[in-house]
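[1] Task: produce atomic coordinates for the following.
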Amino acid sequence: MPTIEQARAADVFDETLAREYDELFYQYHEPQIVDSSTFARTFGLHATPLDEAIRTTVRWYREHTGV
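    From the prediction side, this is the model:
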């Protein structure tokens with residue numbers, strides 16, 4: 001992952017995007033903790049287990065693309 005300085009030096013971003021990238025750059029270098037427990041308690045919803053989500057996605061894809 002390039003640093004913001006490298007991206008600016010390569011003129012990858014316009015100045016508006018560079019400022020936003022600068023502000024959010026920490027997300028690529030620090031661990032992100034996601035906790036959905038409050039949402040789950042409030043709404044009674046839980047994440048779909050990964051194996052079930054993959055099976056459902058593959059089934060949908062096959063049904064809708066003819067693969």
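[2] From here on, just use CA atoms for contacts and neighbour counts.
    Will do.
[3] could you pull out the helices for the protein?
    4-9, 15-24, 37-43, 50-65 (DSSP state H).
[4] nearest to E30, of these?
    Checking the helices of the chain against E30 by C-alpha to C-alpha gives helix 15-24 as the closest, at 10.8 Å.
[5] ok so, going back, what's the least confident stretch among the helices of the chain?
    When the helices of the chain are compared by mean pLDDT, helix 4-9 comes last with a mean of 70.
[6] Could you save the helices of the chain as JSON lines and add columns showing mean neighbour count?
    Shown next, in JSON lines, are these (neighbours: other C-alpha atoms under 10 Å):
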{"stretch": "helix 4-9", "mean neighbour count": "13"}
{"stretch": "helix 15-24", "mean neighbour count": "12"}
{"stretch": "helix 37-43", "mean neighbour count": "10"}
{"stretch": "helix 50-65", "mean neighbour count": "11"}
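[7] Kindly reformat these as CSV containing distance to E30.
    Below are these laid out as CSV (distance: least, C-alpha to C-alpha, whole Å):
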stretch, distance to E30
helix 4-9, 15
helix 15-24, 11
helix 37-43, 22
helix 50-65, 24
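[8] for those, which one sits closest to P31?
    Per C-alpha to C-alpha, nearest to P31 of the helices of the chain: helix 15-24, 13.1 Å.
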